[in-house]
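Colleague: using only what follows, build the 3D model:
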Amino acid sequence: NKIIFKKKKQIDITEKIVQQKIRVGQNRFRSDLLKSLKKCPITQIDEKRLLIASHIKPWIHSDNEERLNPNNGFLLSPLYDKLFDKGIGLITFTPEKEILISKRLSSENRARLSVNNMDYIADLPINGREEFLEYHRKYIFQG
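Modeller: Take a look at the predicted model:
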């Protein structure tokens, strides 16, 4: 019996320098949200290190004023930020503060969330965010 060893592919480079765009004003946007909202309206988490400043109308689709407008944002815990995000769009909110959960999320995973479709989110700040939420429901949410 022969044991055959495969030669490992050598990796020559593990780092590289890249040029990238940065979001100017993102820190101010987050700071403004932390001052006004203070917590995730779904989970009630108020630990700043665990809160993400989530744009309702995505940065890429917003003009400069909309990008920095705190009414274009929520503070969300990481799971709900990911579900709300433009690339995923698995949750959104109604003007009546109800959460909508996409049917594209498996029923097993929907059951694992701490909320159900159409649950009322009492602490969800809606005033001033209606237009942004309408955009999110129409163009981002994957109902």
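Colleague: for the protein, which segments count as strands?
Modeller: Along the chain, counting by DSSP state E, strands occupy 52-55, 73-76, 91-93, 99-101.
Colleague: okay, now the unreliable bits of the protein?
Modeller: When residues are selected by pLDDT under 70, those of the chain lie in 1, 5-8, 18-25.
Colleague: which helix in it runs the most residues?
Modeller: In terms of residue count, the longest helix belonging to the chain (DSSP state H) is helix 26-36.
Colleague: what residues does that helix touch?
Modeller: 48, 51, 53, 55, 67, 68, 70, 73, 74, 75, 125 (C-beta atoms under 8 Å, 6 or more residues apart in numbering). For every residue, glycine as well, the C-beta is placed using N, CA and C.
Colleague: at 7 Å instead, please
Modeller: 48, 53, 68, 70, 73, 75 (C-beta atoms under 7 Å, 6 or more residues apart in numbering).
Colleague: what are the buried residues along that helix?
Modeller: For helix 26-36, burial by neighbour count (16 or more other C-beta atoms under 10 Å) applies to 29, 30, 32, 33, 34.
Colleague: max pairwise distance over those: which two?
Modeller: For these, with distances taken as C-beta to C-beta, the pair at the greatest spread is 29 and 34 (9.8 Å).
Colleague: give me the beta-bridge partners of residue 74?
Modeller: residue 54 (DSSP bridges).
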